[in-house]
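Peer 1: no sequence for this one, just the structure:
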């Protein structure tokens, strides 16, 4: 079965969109899950809900997918928009807990899981003490020049180390 394509159309057709979603490469699906996880943290919904809602809005025509925009970039923008909408809608919900209430009501189990996850991330760099130092600093909220000073590296060395950290973490499914 061949897909009828009208390259002169400004946006992809529903059939082209369905095909594009079905044929997303594993690395693109992984990227979308990571993006959805970040945006969903700021909502009352899970990342799976956010991905599904993005796909549905595009498939049912509520969001047009302009030609020439890569799938990951396009769906990242759609998910950001949906997450923002969900936050605005839930802002007026009196039953919605604000962030300080969520922090206060977090269970000890949730905090333990977060500590274990942080330990796992740091353990991925057992072979690199400087990378571990940078990661721990990041987890403590340090940024930019403070992290570079903590590492003891020059600007170029620090940027190389951060690139190494980023590449290794992208390979690992956290």
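Peer 2: Perfect, I can see it now. All of these numbers come straight from a predicted model, not from anything done at the bench. Residues are numbered from 1 along each chain as shown.
Peer 1: okay, CA-based contacts and neighbour counts for the rest of this
Peer 2: Noted.
Peer 1: Which segments of this protein make up each domain?
Peer 2: 14-91, 106-166 (automatic domain parsing).
Peer 1: Tell me the spacing between residue 27 and residue 140.
Peer 2: Residue 27 is 29 Å from residue 140, where distance means CA to CA, to the nearest Å.
Peer 1: ok, those two, which is more surrounded?
Peer 2: A side-by-side neighbour count of residue 27 and residue 140, using other CA atoms under 10 Å, places residue 27 first with 12 against 9.
Peer 1: Name the SS class of that one, please.
Peer 2: Per DSSP: H, G, I helix; E, B strand; the rest coil, the secondary structure class of residue 27 is helix.
Peer 1: before we move on, which element is the residue nearest to residue 125 when sequence neighbours are not counted in?
Peer 2: Closest residue in space to residue 125, ignoring its immediate chain neighbours: residue 132 at 5.9 Å, by CA to CA, 6 or more residues apart in numbering. Following DSSP states H and E, one finds residue 132 within helix 129-139.
Peer 1: After that helix, which helix or strand is next?
Peer 2: With elements assigned by DSSP H and E, the helix or strand that comes after helix 129-139 is helix 144-151.
Peer 1: Pretty sure residue 80 sits against residue 37.
Peer 2: No - the pair residue 80 / residue 37 is not scored as a contact, 10.9 Å apart, by CA atoms under 8 Å.
Peer 1: what about the nearest residue to residue 143 once chain neighbours are set aside, neighbour count?
Peer 2: Among residues not flanking residue 143 along the chain, residue 137 sits closest, at 7.9 Å (CA to CA, 6+ apart). Residue 137: 17 surrounding residues under other CA under 10 Å.
Peer 1: just residue 49 next, same as before
Peer 2: 12.
Peer 1: Where does it sit, in terms of helix or strand?
Peer 2: Applying DSSP H and E, one finds residue 49 within helix 47-59.
Peer 1: Give me the helices and strands touching the helix or strand just after that helix, please.
Peer 2: Next helix or strand after helix 47-59 toward the C-terminus (DSSP H and E): helix 71-91. Contact here means 3 or more CA pairs under 8 Å, 6 or more residues apart in numbering; DSSP states H and E; on that basis helix 71-91 packs against helix 26-40, helix 47-59.
Peer 1: Please consider this matter closed, and thank you.
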